[in-house]
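Participant: make a model of this:
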Amino acid sequence: MHFHSIKLTDVRKVKRSAHQRIIQKLEMKKLIFEFSLILMGVIMSFQISCDIYAHILVIPPLLNSSCNIDLILRKSQGQISLVKKEINFKTKYLLTVHSPFTLGLTSYEQNVVEAFVDDLVLSMNLNLKRVALSPLKVEISKPDIKIQPENRVRVEETSKEKISEFRTEVFIQDFSLITINVAEEIDEGSILSIFRLINKLNLKLPHPGHVDNLRASNLKKALTEYRSAMNIFDRPMIFKHLFNSLEIATNWDGIDRCGKALDKEISAITGLQQSIIKKWRRLYDRMKHTDREPKEINEFISGILNLHNSLELLRIATNKILINRLERTISI
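Facilitator: Numbers count the residues shown, from 1 in each chain. Sure, this is the predicted structure:
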């Protein structure tokens, strides 16, 4: 007769071992939770601070001008803050982003942070009409008051006496300074809304197989042109970049609208009269092409001389088109 070997197990030991495993799991979960809290605290305490520079879009900075711009942040959500630091030919502000990871920052790397700030400044510009913001610092040296001493000596001799005269003349070069004061309100909620749209647009671009990639790619080009307009001072070049942005964004779906069809589409979105858009389009053509008759010469000269009146309205129209295209691209 054969007996199978029987293994006897102490039930108390099994229960004790299972209990220990449960305790270990609970301790591990506690450690993970505590680590998550610490990590979350680090993320929440991280912030970005950098200088940005404000100027009036239609008035280029001059050697004898000082630009005092008051940016008033409305409906603050506590995500960003602006502090005025210095008034010069541009107004310097300290931009602080509190908890940037909650706004989509993915890395501490320098290039990632710089792109993040660049997109945030772009979002702010799309909410402004008169003021242009730039993260780029531009130096314009102002001449100081100069004191130029000049010594002159006059010697006269007569039969009786010798007269000597020493005279020092000081010439002061006068330098007048003009201060331009501008105030503009900016809505934090609107800034963050557009910023999130731009973040979503960036996520679409690495996927060339997607149907909406054509729109995203064209819209990215339009935004690049818009950025360029905010970073320069030459009015004709600002006009060219803004109109390029306007035209590319309008035709972001691949339809080559031109002439009256372009005017009509822009008018439908912005509410502007087609005659105004036609003038912009004609001036843009005159900037690119040779004038063939006196009428075109006059059209070009008149358009250039009137740029200070045209740029602000062109910018507002471009803002509307870009925001419209961002919303439509992301909703697809």
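
Participant: which parts of stretch 244-263 are buried?
Facilitator: Across stretch 244-263, burial judged by 16 or more other C-beta atoms under 10 Å covers 244, 245, 246, 247, 248, 249, 250, 251, 252, 262, 263. Where C-beta positions appear, they are placed from N, C-alpha and C, glycine not excepted.

Participant: end-to-end on that stretch?
Facilitator: 14 Å (C-alpha to C-alpha, to the nearest Å).

Participant: which other residues reach the helix or strand residue 111 falls within?
Facilitator: Taking DSSP states H and E as the criterion, residue 111 maps to helix 110-125. Helix 110-125 is contacted from outside by 48, 50, 52, 80, 95, 97, 100, 103-107, 132-135, 186, 191-192, 194-195, 198-199, 202, 223, 226-227, 230, using C-beta atoms under 8 Å, 6 or more residues apart in numbering.

Participant: flag every buried residue along it.
Facilitator: For helix 110-125, the neighbour count (16+ other C-beta under 10 Å) marks 113, 116, 117, 119, 120, 121, 122, 123, 124, 125 as buried.

Participant: following it, which helix or strand shows up next?
Facilitator: With elements assigned by DSSP H and E, the helix or strand that comes after helix 110-125 is strand 131-134.

Participant: where does the prediction get shaky in this protein?
Facilitator: For the chain, the stretches with pLDDT under 70 are 1-45, 63-64, 139-177, 206-212, 332.

Participant: which residues touch residue 232?
Facilitator: Taking C-beta under 8 Å, 6+ apart, we find residue 232 in contact with 238, 241.

Participant: just confirm it is within a helix.
Facilitator: No - using DSSP: H, G, I helix; E, B strand; the rest coil, the assignment for residue 232 is coil, not a helix.

Participant: if I look at it, how far off is residue 312?
Facilitator: From residue 232 across to residue 312, the span is 16 Å (C-beta to C-beta, to the nearest Å).

Participant: now residue 59
Facilitator: Per C-beta to C-beta, residue 59 is found 11 Å from residue 312.

Participant: what domains does the record give for this protein?
Facilitator: Split into domains by automatic domain parsing, the chain comes to 42-139+182-204, 211-332.

Participant: give me the neighbour count for the closest residue to residue 231 other than its chain neighbours.
Facilitator: Excluding the flanking residues, the one nearest residue 231 by C-beta to C-beta, 6 or more residues apart in numbering is residue 134, at 4.8 Å. If you count neighbours by other C-beta atoms under 10 Å, residue 134 ends up with 18.

Participant: quick one, what contacts residue 134?
Facilitator: Contacts for residue 134 (C-beta under 8 Å, 6+ apart) come out as 52, 53, 55, 121, 230, 231.

Participant: show me what contacts residue 76?
Facilitator: Contact analysis of residue 76 by C-beta under 8 Å, 6+ apart lists residue 188.

Participant: distance check, it against residue 186.
Facilitator: From residue 76 over to residue 186 the distance is 10 Å, taken as C-beta to C-beta.

Participant: what about residue 185, which SS state?
Facilitator: strand.

Participant: give me the neighbour count for it.
Facilitator: With other C-beta under 10 Å as criterion, residue 185 counts 13.

Participant: which residues of this protein fall in strands?
Facilitator: Taking DSSP state E, the strands of the chain run over residues 47-56, 65-74, 80-87, 91-98, 131-134, 147-157, 162-172, 178-187.

Participant: mind checking how far the closest residue to residue 324 other than its chain neighbours is from residue 304?
Facilitator: Nearest non-adjacent residue to residue 324, counting by C-beta to C-beta, 6+ apart: residue 269, 5.4 Å away. Using C-beta to C-beta, residue 269 is found at 27 Å from residue 304.

Participant: with residue 75 instead?
Facilitator: For residue 75 relative to residue 304 (C-beta to C-beta), the value is 39 Å.

Participant: which one's more surrounded, the two?
Facilitator: Counted by other C-beta under 10 Å, residue 75 and residue 304 do not tie: residue 304 has more neighbours, with 15 against 11.

Participant: I'd say that one and residue 236 touch.
Facilitator: Yes - using C-beta atoms under 8 Å, residue 304 is in contact with residue 236, at 6.4 Å.

Participant: shared neighbours of the two, anything?
Facilitator: Between them, residue 304 and residue 236 share no contacting residue, judged by C-beta under 8 Å, 6+ apart.
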